[in-house]
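S.K.: Sequence plus the predicted model coming up.
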Amino acid sequence: MHPRYRSLIRYNHRWVTPTDQRYSYSLRAVMPVLIPCPARWLQPVILFAVVLLAILGGQHLSFTPAIAQAATCRFPASAAAQKREYLRRAVAGDRDAQSRYAAIVAQHAQQLQQCRSQAWPAQQGIWMRLYPCDARVGGVEDVLDRIVNLGYNEVYIEVFYSGQVLLPRNNNPTPWIPVLRNAGLENRDLLAEAIQKGRDRGLKVYAWLFTMNFGQTYARVPGRQAAIARNGRGQTSLEVAHAASFGIDINSINTEELFIDPYSPIARADYIRLVEAVAQRRPDGVLFDYIRYPKGRGSNSIATRATDLWIYSEASRQALYNRALNEKGYALIQRFLSQGYITQNDIDTVDKQYPYELEPMWHGRSPMNIRPLPPAAVRQPVLQQELWYLAVAHAVQGVVDFLHTAIDPLLRARITSGVVFFPDGNQVIGQGYDSRLQAWERFPAFMEWHPMAYATCNDARCIIDQVLRVLANAPQGTQVKPVLAGAWGQSVRNRPPLESQMQALRQTVPQLRGVSHFAYSWQEPEVDRQRRSCRL
């Protein structure tokens, strides 16, 4: 086949198809590639120290040596218990305990900073959710103290998830419901409190937001139906999830996810208001999750046809039509999107409708420059393949554009931003693409990259492979901070203990300065259960 027919997209002046094995692991067939450059390796430091400090009545504190050849910076149980007792008495009104509690919080903040400055990794984060019960007096203090006790110096607090926002009821400019809806607490700002109290404890506090997943409550907000993403069968992600839940384990389906059309000006405006509200509280950073389309099940996890793509809402469709550069291009894009394919008759009809135009043209397409044009039977498979690549590239561009829209308020406020993504969310699979179309190699390099290395193979090998793949595709200077799932001291869901994962990561990529763990609820499940289920 003539090389001009092979693909719409070029890579380094070579034509690329989805089955080209050199690039089959990513979406490189439809987007520019970031060439990896080696980062500067840092000399690993092994901390094995015991710090003895006499404070508050002669009590001593010490850091335990790391299980995985690196300091955990954990505080001993006795120090944690003492701090918790001072907090309990301080909440009860004991003035002496209040001063002692403030002193030990400051002391622990200093010790944590000193330990992490010598330990690997220097930045160790944990993902967590605040619950309404944390609004109890001392509630936020207690959970942040526990995070410090575990040796973490960064905490990523879930601020927007499942159609809820961690904003005060009386100061919520978004269309989503507040997490804290209890009577009498309409003005409580748990996010602002957590940011300030976290800093008092030596923690960097990030706000963690869902991005294109607006939650099922969004479907009930007046005037928002046009902003919801739809596939070629007219379904929303919520409708697909409910349909898939029949006859299978309902726990394996998330029926709360509702994805929006990233081209929708309505969705963009709503999300900008959310980010601006978060930025007003000046967190140390904002992390964007769900920067993608939904993940299908089974065969639906691979997008192989135009109707599999979430580009059928009005804004997305119109944006795709606008990529046409002439009338023939516009007409063929319309037919391809409505049918999922084009026929020889479609090409003949369009040729007759616009005889003054030679070839159909759209962004990214180069003319064949063959005169006279080959018959429709020859051009049909070529044009159909090129339209397929155009549709995929259009879907991918929507995700990237939405992210750029989301971070704009943070750039103006000079607040750090980061992206959370699956290392395998951008793969080419056979003749199709991973349905999430998460083109993370196109995410801005100035943002922090938090790849969720959640692979399961009973050991750390597949987890390390995911991290290495991200590092190989990250531009020079990108701060990559892998996210590991698990718990200390025990295997969870076919994943080895965190100390095993951390040891393997340190041995393989010691240049990493930041790692985080999902999630706090996995580290102290009983505490998390009590916080989640208490009554105010």
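M.R.: Cool, the structure landed.

S.K.: Would you confirm that A393 contacts E386?
M.R.: No: counting by CB atoms under 8 Å, A393 does not reach E386; the two are 10.4 Å apart. C-beta coordinates here come from the backbone N, C-alpha and C atoms, glycine included.

S.K.: residue ranges with poor pLDDT in this structure?
M.R.: 1-71, 244-255 (pLDDT under 70).

S.K.: rerun at 80
M.R.: Residue ranges of the chain with pLDDT under 80: 1-71, 242-255, 369, 536.

S.K.: Tell me which stretches of the stretch 251-400 of the chain form helices.
M.R.: 265-279, 314-321, 327-339, 344-353, 376-413 (DSSP state H, counting those that start in this stretch).

S.K.: Turn those helices into a markdown table, including distance to W440 and mean neighbour count.
M.R.: Output for these, formatted as a markdown table (distance: least, CB to CB, whole Å; neighbours: other CB atoms under 10 Å):
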| stretch | distance to W440 | mean neighbour count |
| --- | --- | --- |
| helix 265-279 | 19 | 20 |
| helix 314-321 | 21 | 18 |
| helix 327-339 | 26 | 20 |
| helix 344-353 | 35 | 16 |
| helix 376-413 | 10 | 20 |
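
S.K.: Let me have the ones you listed in TSV, extended by distance to A81.
M.R.: Shown next, in TSV, are the helices of the stretch 251-400 of the chain (distance: least, CB to CB, whole Å):
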stretch	distance to A81
helix 265-279	35
helix 314-321	55
helix 327-339	63
helix 344-353	74
helix 376-413	39
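
S.K.: which one of those lies closest to R146?
M.R.: helix 265-279 (23.8 Å; CB to CB).

S.K.: Determine the set of other helices and strands touching the closest one.
M.R.: strand 204-210, strand 285-289, helix 376-413 (3 or more CB pairs under 8 Å, 6 or more residues apart in numbering; DSSP states H and E).

S.K.: I'd guessed L87 sits against D142; true?
M.R.: Yes: if you go by CB under 8 Å, L87 and D142 touch, sitting 6.2 Å apart.

S.K.: Would you mind listing the residues in contact with the closest residue in space to N182 that isn't next to it in sequence?
M.R.: What sits nearest to N182 in space, not counting adjacent residues and going by CB to CB, 6 or more residues apart in numbering, is L536, at 5.4 Å. The contact partners of L536, by CB atoms under 8 Å, 6 or more residues apart in numbering, come to P132, C133, A135, R136, N182, L185.

S.K.: Isn't the last one up against A135?
M.R.: Yes: counting by CB under 8 Å, L185 does reach A135; the two are 5.6 Å apart.

S.K.: Around the nearest residue to K481 once chain neighbours are set aside, how many other residues sit close by?
M.R.: Once flanking residues are discounted, K481 sits nearest to G514: 3.5 Å by CB to CB, 6+ apart. Using other CB atoms under 10 Å, G514 is surrounded by 19 other residues.

S.K.: F259 too?
M.R.: Per other CB under 10 Å, the neighbour tally for F259 reads 25.

S.K.: What residues does it make contact with?
M.R.: M212, N213, F214, I228, A229, T236, S237, Y290, Y293, P294, W310.

S.K.: how close does it sit to A331?
M.R.: 29 Å (CB to CB, to the nearest Å).

S.K.: what separates the closest residue to Y354 other than its chain neighbours from I370, distance-wise?
M.R.: Residue nearest to Y354 in three dimensions, not counting chain neighbours: E327, with 4.6 Å by CB to CB, 6+ apart. Here the criterion is CB to CB. By it, E327 lies 20 Å from I370.

S.K.: again, but for W522
M.R.: Applying CB to CB to W522 and I370 gives a distance of 61 Å.

S.K.: between those two, who's got more neighbours?
M.R.: More neighbours surround W522 than the other of W522 and I370, with 19 against 13 (other CB under 10 Å).

S.K.: which element is that one on?
M.R.: Assigned by DSSP states H and E, W522 belongs to helix 520-523.

S.K.: how about the closest residue to P265 other than its chain neighbours, what does it touch?
M.R.: Among residues not flanking P265 along the chain, A315 sits closest, at 6.7 Å (CB to CB, 6+ apart). If you count contacts by CB under 8 Å, 6+ apart, A315 has them with A226, A227, D261, Y263, S264, P265.

S.K.: re earlier: indicate which one of the helices of the stretch 251-400 of the chain is closest to R74.
M.R.: Of all those, helix 265-279 comes closest under CB to CB, at 30.2 Å.

S.K.: Pull the distance from whichever strand or helix holds R529 to the chain's centre.
M.R.: Element membership of R529 [criterion: DSSP H and E] is helix 525-533. The chain centre lies 25 Å from the centre of helix 525-533; the measure is CA atoms, centre = their mean, to the nearest Å.

S.K.: Please apply the same query to stretch 355-375.
M.R.: 40 Å.

S.K.: ok so, going back, so which of the contacts of L536 is surrounded by the most neighbours?
M.R.: P132 (20 neighbours).

S.K.: and the closest residue to that residue other than its chain neighbours, which of the three is it?
M.R.: Counting by CB to CB, 6+ apart, L180 is the residue found nearest to P132 once chain neighbours are left out, at 5.1 Å. At L180 the chain is in coil, as set by DSSP: H, G, I helix; E, B strand; the rest coil.

S.K.: Next, the contact list for L180, please.
M.R.: Neighbours of L180 in contact, by CB under 8 Å, 6+ apart: P132, A135, L166, P168, R169, R188, L190.

S.K.: Please repeat the previous calculation with a cut-off of 7 Å.
M.R.: P132, A135, R169, R188, L190 (CB atoms under 7 Å, 6 or more residues apart in numbering).

S.K.: quick one: which of those sit in helices?
M.R.: Counted as lying in helices by DSSP state H, out of these, are L190.

S.K.: With distance to Y321 added, can I get the contacts of L180 in TSV?
M.R.: Formatted as TSV, the contacts of L180 follow (distance: CB to CB, whole Å):
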residue	distance to Y321
P132	46
A135	49
R169	42
R188	47
L190	44
